[in-house]
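Trainee: just a sequence and a predicted model for now, questions to come.
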Amino acid sequence: ARGGLRGRTSRWALLLGGATAAAALVLWAGYPAAMVGVPGGRMSNLDPPSLAAVTFGLAQCGAALLLLGPLRRVLRRPAAWAVVAVVNLAAMTVFLWHQTAMIVVSTSALLLADGPLPGLHTVPDGPGWVVARLLWLPVFALALLGCWAVFRGYEQGGRRGAGGSLVVRESAPERKGWARRA
């Protein structure tokens, strides 16, 4: 925020230092490689947040700062910016409902199957698990799309009026004229 990380050197230091520290903690200090909880894991790096999760976060910050310039250049193109703007309209719904979509898929699949399904209910034990998990992503996306369709109107602060048109409610500051003074 104070501009201390403007130089490429500090950004690379964050990325490489954080990644090295996270790898060292996983390899030699016994922290799990998954930065989130996974089925069958003996511990989670997020409950409570561990030093490994913090160092991994520092590496991600370094990577984000290094990508800032190139991404800004790409987003100067109107078509690229339009895609980001449209996807951003669903950001809160995705954030609020992604876990629900995952639980619905996971529970439904478990109820419909004879037992645990690879990539969904099994311990991550190799490349096969990763491939199986990637194959589940479209199913999660469909469930999340369903949640988005159901809840987006409520989360955008509007309600449906007669004929299905969106009626936007006026917020308290606008009613009292505060918005005009600002």
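Mentor: It's in.

Trainee: what mean pLDDT does the helix or strand containing Ala82 have?
Mentor: Assigned by DSSP states H and E, Ala82 falls within helix 78-88. Model confidence over helix 78-88, given as mean pLDDT, is 92.

Trainee: so what secondary structure elements neighbour the longest helix along the chain?
Mentor: For the chain, the helix with the greatest residue count under DSSP state H is helix 127-155. The contact analysis (3 or more Cβ pairs under 8 Å, 6 or more residues apart in numbering; DSSP states H and E) places helix 127-155 against helix 91-112. No exception for glycine: its C-beta is placed from N, CA and C like everyone else's.

Trainee: need the pLDDT of the nearest residue to Thr100 once chain neighbours are set aside.
Mentor: Leaving out its chain neighbours, the residue that sits closest to Thr100 by Cβ to Cβ, 6 or more residues apart in numbering is Cys147, at 6.1 Å. pLDDT recorded at Cys147 is 90.

Trainee: what do you get for Thr122?
Mentor: 83.

Trainee: please report phi then psi for it.
Mentor: In terms of degrees, to the nearest 10, the main-chain angles of Thr122 are phi -110, psi 160.

Trainee: what about it, distance to Ser44?
Mentor: Distance of Thr122 to Ser44, computed by Cβ to Cβ, to the nearest Å: 17 Å.

Trainee: ok, Ala29 next?
Mentor: From Ala29 to Ser44 the distance is 15 Å (Cβ to Cβ).

Trainee: repeat that for Ala63.
Mentor: Applying Cβ to Cβ to Ala63 and Ser44 gives a distance of 23 Å.

Trainee: how much space separates Thr93 from Val104?
Mentor: 15 Å.

Trainee: ok, residues contacting the helix holding Ala82?
Mentor: The contact list for helix 78-88 (Cβ atoms under 8 Å, 6 or more residues apart in numbering) reads 74-75.

Trainee: below-threshold pLDDT in the chain: ranges please.
Mentor: Scanning the chain for pLDDT under 70 picks out 1, 39, 158-182.

Trainee: could you chop it up by domain?
Mentor: Listed domain ranges for the chain are 8-78, 89-156 (source: automatic domain parsing).

Trainee: any chance of CSV for those, columns mean neighbour count and distance to Arg2?
Mentor: Formatted as CSV, the domains of the chain follow (neighbours: other Cβ atoms under 10 Å; distance: least, Cβ to Cβ, whole Å):
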stretch, mean neighbour count, distance to Arg2
domain 8-78, 15, 12
domain 89-156, 14, 27
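
Trainee: returning to that earlier point: residues touching the residue nearest to Thr100, list them.
Mentor: Contacts here follow Cβ under 8 Å, 6+ apart; on that basis Cys147 touches 93, 97, 100-101.
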